[in-house]
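A.B. asks: Give me coordinates for this.
(one chain, ligands or ions: 1)
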Amino acid sequence: MRVAMIGTGYVGLVSGACFADFGHVVTCIDKDPRKIERLERGEIPIFEPGLDDLVARNVREGRLFFTLEGAQAIKDADAVFIAVGTPTRRGDGHADLSYVYAAAEEIAGLIDGFTVVVTKSTVPVGTGDEVEAIIKKVRPDAQFAVVSNPEFLREGAAIEDFKRPDRVVVGTDDERAQAVMRDLYRPLSLNETPIVFTGRRTSELIKYAANAFLAMKITFINEMADLCEKVGADVQSVAKGIGLDKRIGSKFLNAGPGYGGSCFPKDTIALVKTAQQYGAPTRLIETTVEVNTARKKAMATKVADAIGSTDLAGKTIGVLGVTFKPNTDDMRDAPSLDILPALQAMGAKVQAFDPEGAKEAAHMLDGVDFKAGAYEAAEGADALVILTEWDQFRALDLDRLKLLLKAPVVVDLRNVYKPAEMVRHGFTYASIGRG
Ligand code: UDX
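C.D. replies: Residues are numbered from 1 along each chain as shown. Alright, predicted model coming up:
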């Protein structure tokens, strides 16, 4: 089938390349000439494992194209995907839908023959109705259906999540559109991936409900971690003990410094706003947002406690990892953006290393001295903080680390190491939820 993908950000580029890899012909459209130039040169603007090869192969095999001028591709398309950004609107926390509506306007003028217009971006409940109204207003005669098809892609695992999803959710009551969506995802039916057909608003809510639940699950285990530290229990064992119950499930029970990223923070706030707007407040998610925000700040206090003073003047702190999670260069709402400034506010000098995020982080973390590697970030520090669990931090040479540190203090905010092992090596070791 012919697909037009509007937006070549993280969701649009991964979705477009994967649809091309399914055998469809995909044209990715973007307004940013620099982005299109780089993509046409085979340069991928985001760090996503495997994406560069996937894009290069599908461009080479003539199934994937990039363009500034999307008119022809939209005209020819059986399905036009809206995969533009829906950032949190400054000030009121609602999702900013201006890019979505602009795409709808553009599509409206170009529809030629029955066309499925798909919102792939995460959009508040009811956005599909708005998109439909915009197109109808511009083209009362147009043959089209607006479909919700939310993505459940994790950064760093996006291709895997697209090609082997737990489910595909499609929100539409239009039978022609259902047939088009079935054809689009046909390669997945080979491994019996369930396609869940729902109403459009239901599909839009499923996306928010999924992310909000995952954010709440993480926040739950983070609170259990705080309790473990008080009662002398071990949160990793608690997670294992409850996670083996199939009704709970073992995933997303890793206690840490709080969730970040371009989705959970934005989507939880947008859901809270939608729920308040409709008079059905989600108090659980309101609390999740509050607890998570407070937690990120509390991590700086944990570091100061490990050093033994809240006055960090003259102290140097080494930080390993600043991205919101490993295997990404994405710094959006990363816990480091709260934790490192809080440490600096206590008087500390902060030096850091991140395998992929340093370039972007340098613009967002003033005064942080980015080093070339983990050991350089530890050199001369009064404490070393493990903030993002990149694989390369999992087997550090602890003897070498101890020699480099001014004081043998390690604060492990991702529980990468075992307390007994660290004590044996002579470290003062603080971690999460290990009483
Ligand atoms: C998330 C959802 O997983 C994905 O389905 C959705 O489409 C987009 O949002 P992503 O934000 O890329 O994906 O990352 P994810 O792996 O979910 O982690 C989100 C945050 O939660 C990260 O800050 C991560 O460190 C944190 N996290 C995750 C934990 O603290 N503990 C966990 O057990 C899992």
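
A.B. asks: Could you use CA atoms for every contact and neighbour count after this?
C.D. replies: Will do.

A.B. asks: What residues does Val272 make contact with?
C.D. replies: Pro281, Thr282, Arg283, Ile285, Glu286 (C-alpha atoms under 8 Å, 6 or more residues apart in numbering).

A.B. asks: Could you rerun that using 10 Å?
C.D. replies: 93-94, 208, 212, 280-287, 289 (C-alpha atoms under 10 Å, 6 or more residues apart in numbering).

A.B. asks: Check those residues against Gly62 and report the nearest one.
C.D. replies: Relative to Gly62, the closest of the contacts of Val272 is Tyr208; by C-alpha to C-alpha it sits at 35.4 Å.

A.B. asks: I figured that closest one hits Arg201, correct?
C.D. replies: No - in this structure Tyr208 lies outside contact range of Arg201 using C-alpha atoms under 10 Å: 11.1 Å.

A.B. asks: got any residues that touch both of those two?
C.D. replies: Pro124, Val125.

A.B. asks: which residues in this protein form strands?
C.D. replies: Taking DSSP state E, the strands of the chain run over residues 2-6, 25-29, 64-67, 79-82, 115-119, 144-148, 168-171, 195-198, 316-320, 349-353, 369-370, 383-386, 409-412, 428-430.

A.B. asks: so how far is the shortest one off the chain centroid?
C.D. replies: This points to strand 369-370. 24 Å (C-alpha atoms, centre = their mean, to the nearest Å).

A.B. asks: Now do the same for that strand: mean pLDDT, whole number.
C.D. replies: For strand 369-370, mean pLDDT is 98.

A.B. asks: what's the answer for the third one, then?
C.D. replies: When pLDDT is averaged over strand 64-67, the result is 97.

A.B. asks: The last one now?
C.D. replies: Averaged across strand 428-430, the pLDDT comes to 98.

A.B. asks: Just give the number of residues close to the nearest residue to Ala209 once chain neighbours are set aside.
C.D. replies: Of all residues not flanking Ala209 in the chain, Leu271 sits nearest, at 7.9 Å (C-alpha to C-alpha, 6 or more residues apart in numbering). Number of residues near Leu271 (other C-alpha atoms under 10 Å) recorded here: 27.

A.B. asks: can you offset everything so residue one is 8?
C.D. replies: Sure, I'll start numbering at 8, so the last one becomes Leu278.

A.B. asks: And Leu278, how far from Phe159?
C.D. replies: 16 Å (C-alpha to C-alpha, to the nearest Å).

A.B. asks: in the stretch 108-257 of the chain, what spans have low per-residue confidence?
C.D. replies: For the stretch 108-257 of the chain, no stretch is flagged by pLDDT under 70.

A.B. asks: what residues does it put near the ligand?
C.D. replies: Glu158, Phe159, Leu160, Arg161, Glu162, Asn218, Ile225 (C-alpha under 6 Å from any ligand atom).

A.B. asks: what's the closest non-adjacent residue to the third one?
C.D. replies: Spelled out, it's Leu160. Asp168 (5.4 Å).
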